[in-house]
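*Asks:* quick one, structure for this:
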Amino acid sequence: MARLPVPGGDVDAWAALLNEYLLIAHNPDGTQRFNSIPPHSVELRDLDVINPANQPLADLVLTNDNTRLAWRDVGEVLRAGSRLRLNVHDFGAKGDGVTDDTAAIQAAIDSADTGGIIEIPRGTYMVRGLKIKKFGTTLAGEARWGTRLVRISGTAPLVDVSGTASMTGHIRYCTIMSLTLNGGHAPGPLVRSYYADSCTYQDVHFVYCEGFSTDLIEAWDTRFTQCIWENCGTETEAAVLLRNTMPVGQFGYSDDNTNQIYFTGCRWESFRNGAIKLDGAANGSPRMLNGVFFTSCKMETRFCAGPVIQIMPNTTIVFVNQLYIAIMAALPSTVKPLDAIDDAGSHIFMTDVYVQWGFEVQLANSLVHVRRSGPHMYYKLSTFYPTGDPIEAAIIAEPGSFDVIVSCNVTNRGRLTKGDVSTVMIQSPKDGVEVPLDASGVFVVSSRINNKDLVKVDNTGTRPALNMANATDITGYSDNYATEKWRIVGASGAARFAGSKFQIDGAKGHVGINTAPFAGIAMLIKTAADGDRGLAIVRSSSSATNRLMEFQDETFAVQGMAIDSGGRPIAVGTPAQVTAGTQVSYANPNPQVRDIAGTIQAAVRPTPTAPGTIARITFSRPYASTPLNITITNQSAAPAELYVSARSTTSFTVSTRSALPGGSILKFDYSVIA
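*Replies:* Below is the predicted model:
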């Protein structure tokens, strides 16, 4: 009797035993013996036993009804097994970019009675709008941009994932993944999700939508992962819109809110009026839109018409971590400058945010513009302005906002903050420590020993003051001076400056500046004893040419007498102004008497020289008429043919008729008779 070999036995007999066994049911050429088929096997006559004779077999599948084989309707078979993966091609979808595949894909979606995976193979499917109606439904393409759903016409949502306005009416656990939703450059959302929660969008490409492409109302615990929005939105609408409610009486009206929405690894490109708008107060909602999370995202556009992120009132608890924003240019019709982030919410937390601006002039107003409420916390924000300072500041806090706290924020130019912004104090060896104070701001250093203020900076806006309270002395030291470099004594008000640079000492005399007992005197110097000098002004060197002292009028022009470095008067009254001519390298006034007389010294420029102007003398005040006579007297060692080449009510010019020795010094007097 033929048998199979015994494992571990039948040594050297395996081949013979297997051949003997196989020949029972097979011919020597390997084909099966006809008489080896059991008598109870299925025959063709069994296939139509339970099918009516007039039933067409087209669009039917062969299945088992637990007793025998039968031909069944496709939909009937698919509905019988809720765990099947449904392929839209089995329902007649073509994906050829021409055929209207709306009905076929909707039939596949509706066939998943208890939810299921609706497979949409690679292709372009033209649709008018699809609706996911049941829990757990997944629309799965083969690849983003490989599977494309394209709007044919109308403004209905391309994919509607919505339930009804009740806790039990929410649609849940639905997923859209690995496909592109194309709006065909027409209005109408690509995804509408009202009354939904625990839904997921993964590797979805939202593209070419004229208006907000993603519309969420009363949506809870929804996640967008590795999604892209490109060329979505308009000049007045953001690419993504989150709200709590629609107006009363419309589908989407809610007395609840939208919360716990996550964007991870997502990207927005070529939007206009914002990548995303969080509008908790839309349509009069009293609820708080809350819990929106952005992680490792990018938002970039060359067509900006408004803030990239728009956080509106009634929006709270927003977390942003690792965000890159690029605003490269604005739409021509846009009113500039622009804010990158507009923040009118509360409990806003942002960290690791970078904003890059384009080269367009006056493009940037701020990185973050805080409108109201609080708290707002910004950590490690940075921005780069390539062409000019922001119009206002990197971070702006409007009146009405509070608890605006920033730290570790960097900008390459312009003002960092504006308004009531609290900063965590940062210091560096190069930049030191900066404590910015607005009007009425106060900086205080206090003692924990006696609980008193030691130093107080009071920025009143009209007369800021540095106060050394509680008899605190101010002392300075230097490595080159072993003890005090200087000290202002808090108890007595005395001041000591070491190194003979400046001294005020009661034993030497008194200096008073418009204070008792010197009221009515701008400055008083009183010597302590006969023989002491009241005031000494020392020139810097023997070759010095600067003025040691001069008296000025209310416009700070010399009025009265000026004393040169040699202790000689060089001006009485307001002197004329001297400008060097073409033939000299400089022309300086010596003693001057108002506009009527003076002495001028000039240095002839290096050779070659030629006849030309030596100096132009401009009167401090114009004469009523041109002076009658101007006399020039040459005081130079060498002869010079000097003469008045031009005169007017405001000035006159002195020239030479001959070339002068290069580098020689000219000195001449002038007198004016008017």
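*Asks:* name the nearest residue to residue 94, sequence neighbours excluded.
*Replies:* residue 101 (6.0 Å; CB to CB, 6 or more residues apart in numbering). Yep, even glycine has a C-beta here, placed from its N, CA and C like the rest.
*Asks:* and for that neighbour, the neighbour number?
*Replies:* By the other CB atoms under 10 Å criterion, the neighbourhood of residue 101 contains 29 residues.
*Asks:* what of residue 111?
*Replies:* Neighbour tally, residue 111, other CB under 10 Å: 20.
*Asks:* next one: residue 382
*Replies:* Residue 382, neighbours per other CB under 10 Å, totals 16.
*Asks:* try residue 173
*Replies:* Residue 173: 15 neighbours (other CB under 10 Å).
*Asks:* related to what we said a few turns ago, ok, now how distant is the residue nearest to residue 94 from residue 205?
*Replies:* From residue 101 across to residue 205, the span is 18 Å (CB to CB, to the nearest Å).
*Asks:* also residue 324?
*Replies:* According to CB to CB, residue 324 and residue 205 sit 19 Å apart.
*Asks:* contacting residues around the residue nearest to residue 94?
*Replies:* Neighbouring residues of residue 101 by CB atoms under 8 Å, 6 or more residues apart in numbering: 88, 93-95, 125-127.
*Asks:* could I get the residues you listed as TSV with distance to residue 531, secondary structure and neighbour count?
*Replies:* TSV is the format used below for the contacts of residue 101 (distance: CB to CB, whole Å; DSSP: H, G, I helix; E, B strand; the rest coil; neighbours: other CB atoms under 10 Å):
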residue	distance to residue 531	secondary structure	neighbour count
88	113	helix	24
93	115	coil	25
94	116	coil	16
95	112	coil	21
125	109	strand	27
126	110	strand	22
127	108	strand	22
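*Asks:* let me have those in TSV, adding distance to residue 548 as columns.
*Replies:* Putting the contacts of residue 101 into TSV (distance: CB to CB, whole Å) gives the following:
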residue	distance to residue 548
88	98
93	99
94	100
95	95
125	93
126	93
127	92
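*Asks:* now, the most widely separated pair of the residues you listed?
*Replies:* Farthest apart among the contacts of residue 101 by CB to CB are 88 and 126. That separation is 12.6 Å.
*Asks:* which other residues reach the host helix or strand of residue 352?
*Replies:* Per DSSP states H and E: residue 352 is located in strand 346-357. Strand 346-357 is touched from outside by 311, 315-328, 340-341, 363-364, 367-368, 373-386, with contacts defined as CB under 8 Å, 6+ apart.
*Asks:* among these, name the buried ones.
*Replies:* Among the contacts of strand 346-357, those scoring as buried are 311, 315-318, 320-321, 323, 325-327, 340-341, 363-364, 367-368, 373-374, 376-383, 385 (criterion: 16 or more other CB atoms under 10 Å).
*Asks:* how near is the nearest residue to residue 125 once chain neighbours are set aside to residue 119?
*Replies:* With CB to CB, 6+ apart as the criterion, residue 125 has its nearest non-adjacent residue at 4.4 Å, and that residue is residue 101. Using CB to CB, residue 101 is found at 14 Å from residue 119.
*Asks:* just give me the neighbour total for residue 527.
*Replies:* Neighbour number of residue 527 under other CB under 10 Å is 13.
*Asks:* before we move on, what about the one 3 residues further on?
*Replies:* Taking other CB under 10 Å as the criterion, the count of residues near residue 530 is 5.
*Asks:* can you pull out the strands in the stretch 551-674 of the chain?
*Replies:* 558-564, 569-572, 577-580, 584-593, 597-604, 612-618, 629-634, 642-647, 651-656, 665-673 (DSSP state E, counting those that start in this stretch).
*Asks:* quick check: mean pLDDT of the fourth one?
*Replies:* Spelled out, that is strand 584-593. Across strand 584-593, pLDDT averages out at 84.
*Asks:* also the fifth one?
*Replies:* Confidence for strand 597-604, expressed as mean pLDDT, is 90.
*Asks:* one more: the second one?
*Replies:* Mean pLDDT, strand 569-572: 67.
*Asks:* common neighbours of residue 101 and residue 119, please.
*Replies:* Counting by CB under 8 Å, 6+ apart, the shared contacts of residue 101 and residue 119 are residue 88.
*Asks:* can you report how many residues neighbour residue 465?
*Replies:* Residue 465 has 9 neighbouring residues, counting by other CB under 10 Å.
*Asks:* still on that earlier bit, put the alpha carbons of the strand holding residue 352 into CSV.
*Replies:* Provided in CSV are the C-alpha atoms of strand 346-357 (Å, rounded to 0.1, in the frame of the first residue of the first chain):
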residue,chain,number,x,y,z
SER,A,346,-5.2,84.4,25.0
HIS,A,347,-2.9,81.8,26.4
ILE,A,348,-0.7,81.8,23.2
PHE,A,349,2.6,80.0,23.5
MET,A,350,5.2,80.1,20.7
THR,A,351,8.7,78.8,20.6
ASP,A,352,11.4,78.3,17.8
VAL,A,353,9.7,80.5,15.2
TYR,A,354,11.7,82.1,12.4
VAL,A,355,10.3,84.7,9.9
GLN,A,356,12.1,85.5,6.7
TRP,A,357,11.1,88.7,4.8
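*Asks:* so for it, what gets flagged as buried?
*Replies:* 346-348, 350-357.
*Asks:* related to what we said a few turns ago, among the contacts of strand 346-357, which lie within strands?
*Replies:* Counting by DSSP state E, the contacts of strand 346-357 place 311, 315-327, 340-341, 364, 367-368, 376-384 in strands.
*Asks:* how far off centre is stretch 656-674?
*Replies:* 64 Å (CA atoms, centre = their mean, to the nearest Å).
*Asks:* ok, the spatially most central residue of the chain - contacts?
*Replies:* The centroid of the chain falls nearest to residue 367 when counting by CA atoms, centre = their mean (3.1 Å). Under the criterion of CB under 8 Å, 6+ apart, the contact list for residue 367 reads 339-341, 353, 355, 381, 383, 390, 394-395, 411.
*Asks:* and those as TSV, adding pLDDT and distance to residue 158?
*Replies:* Listed next are the contacts of residue 367 as TSV, based on pLDDT from 0 to 100; distance: CB to CB, whole Å:
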residue	pLDDT	distance to residue 158
339	97	31
340	97	30
341	98	29
353	97	32
355	97	32
381	95	36
383	95	36
390	95	39
394	95	39
395	95	39
411	92	41
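*Asks:* that's all I had, so thanks and see you.
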